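Colleague: the following comprises the amino acid sequence and a computationally predicted model.
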Amino acid sequence: MKLHQASGQGRNLFTGYGEGHVLINQVRHDGNLVVTPDEVLPWAPASFEELASEHFALLLDLTPEVVLFGSGARLRFPHPRLTAVLTNAGIGVEVMDTQAACRTYNILLAEDRRVIVALFS
């Protein structure tokens, strides 16, 4: 599916997604990612079952206001102890499927929120 281009010139925007991939500024990315307005980074957990609190702790260095967690094609919630490092730091964590996370990221970015998204493709 393609998304409509929004304002946010020079920033990472999701422009599409499909099974196992996302498009960021029209460039295809496969695999698990962390996306900020300025960076696209690989994200280490190989599967949902391998998620650990350390994977979320690494996101603290990016100083987000809110972290969107895209759980893949279907909605799955990580155990709260895994995301506690973020919530204890006052960072909002929202869980949704990856497609919803892509759309929500674009909206929050357009509102100039400090948002990052951690995605399972």
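Modeller: Here it is on my side, so go on.
Colleague: for this protein, just list every one of the helices.
Modeller: 53-57, 80-87, 98-110 (DSSP state H).
Colleague: tell me which of those helices sits most buried.
Modeller: Of all the helices of the chain, helix 98-110 carries the top mean neighbour count, a mean of 20, counting by mean count of other C-beta atoms under 10 Å. Backbone N, C-alpha and C define where each C-beta goes, glycine included.
Colleague: hang on, the earlier thing: in a markdown table: the helices of the chain, plus mean pLDDT and distance to Leu68.
Modeller: Shown next, in a markdown table, are the helices of the chain (pLDDT from 0 to 100; distance: least, C-beta to C-beta, whole Å):
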| stretch | mean pLDDT | distance to Leu68 |
| --- | --- | --- |
| helix 53-57 | 97 | 12 |
| helix 80-87 | 97 | 11 |
| helix 98-110 | 97 | 4 |
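Colleague: for Phe14, which of those helices is the nearest?
Modeller: Phe14 lies closest, by C-beta to C-beta, to one member of those: helix 98-110, at 3.9 Å.
Colleague: can you spell out which helices and strands pack onto the closest one?
Modeller: Helix 98-110 sits against strand 14-18, strand 66-70, strand 92-96, strand 115-119, with contacts defined as 3 or more C-beta pairs under 8 Å, 6 or more residues apart in numbering; DSSP states H and E.
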